[in-house]
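Enquirer: fold the stuff below for me.
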Amino acid sequence: MDKRKLTSEVEKSAEELTRSRREKRFWHYASLIGVGGWLFVLPVVAGAYLGNYLDRKVHAGISWTITCILLGFALGVYNVWEYYIRRPGK
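Expert: Modelled structure (predicted):
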């Protein structure tokens, strides 16, 4: 009797797992948007800090800050493209 009960519980759990994998919930999509945000924002902010540091170090005004922000922007766009477009299934 215990074996049948265990088998039915395992089958029920497997059905729930496959159903939840098929039905994407709100939090799944919210996490995808959040990951995309971090993939984009972190290089831009890091570029701003690095550029500010370089500007203070070489007394160059804001030229390094703007350059590093633009490089961070380009890297952020590449990260988002890589994550969502190039490898969407992984």
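Enquirer: quick one, what contacts the residue nearest to the spatial centre of the chain?
Expert: Nearest to the mean C-alpha position of the chain, counting by C-alpha atoms, centre = their mean, stands Val35 at 2.4 Å. The contact partners of Val35, by C-beta atoms under 8 Å, 6 or more residues apart in numbering, come to Tyr83. C-beta here means a position set from N, CA and C on the backbone, and glycine is covered the same way.
Enquirer: buried sites along the longest helix anywhere in the chain?
Expert: If you go by DSSP state H, the chain has its longest helix at helix 26-58. When burial is assessed from 16 or more other C-beta atoms under 10 Å, helix 26-58 yields the following buried residues: Leu39, Phe40, Pro43, Val44, Ala46, Gly47, Leu50, Gly51, Asp55.
Enquirer: quick one: mean pLDDT for it?
Expert: For helix 26-58, the mean pLDDT works out to 90.
Enquirer: ok, then the element right after it?
Expert: helix 63-80 (DSSP states H and E).
Enquirer: if you count contacts, what does that next one end up packed against?
Expert: Secondary-structure packing of helix 63-80 (3 or more C-beta pairs under 8 Å, 6 or more residues apart in numbering; DSSP states H and E): helix 26-58.
Enquirer: and the angle for the helix it packs on with helix 63-80?
Expert: With axes from the mean of the first three to the mean of the last three C-alpha atoms, to 10 degrees defining the directions, helix 26-58 sits at 160 degrees from helix 63-80.
Enquirer: chain center to helix 26-58, what's the gap?
Expert: 11 Å (C-alpha atoms, centre = their mean, to the nearest Å).
Enquirer: ditto for stretch 69-89
Expert: 10 Å.
Enquirer: buried ones in it?
Expert: For stretch 69-89, by 16+ other C-beta under 10 Å, it's Ile69, Leu71, Gly72, Leu75, Gly76, Asn79, Val80, Tyr83.
Enquirer: residues in contact with the residue nearest to the fifth one when sequence neighbours are not counted?
Expert: The shortest distance from Gly76 to any residue that is not its chain neighbour, by C-beta to C-beta, 6 or more residues apart in numbering, is 3.9 Å, and that residue is Phe40. Residues touching Phe40, when contacts are defined by C-beta under 8 Å, 6+ apart, comprise Gly76, Val77, Asn79, Val80.
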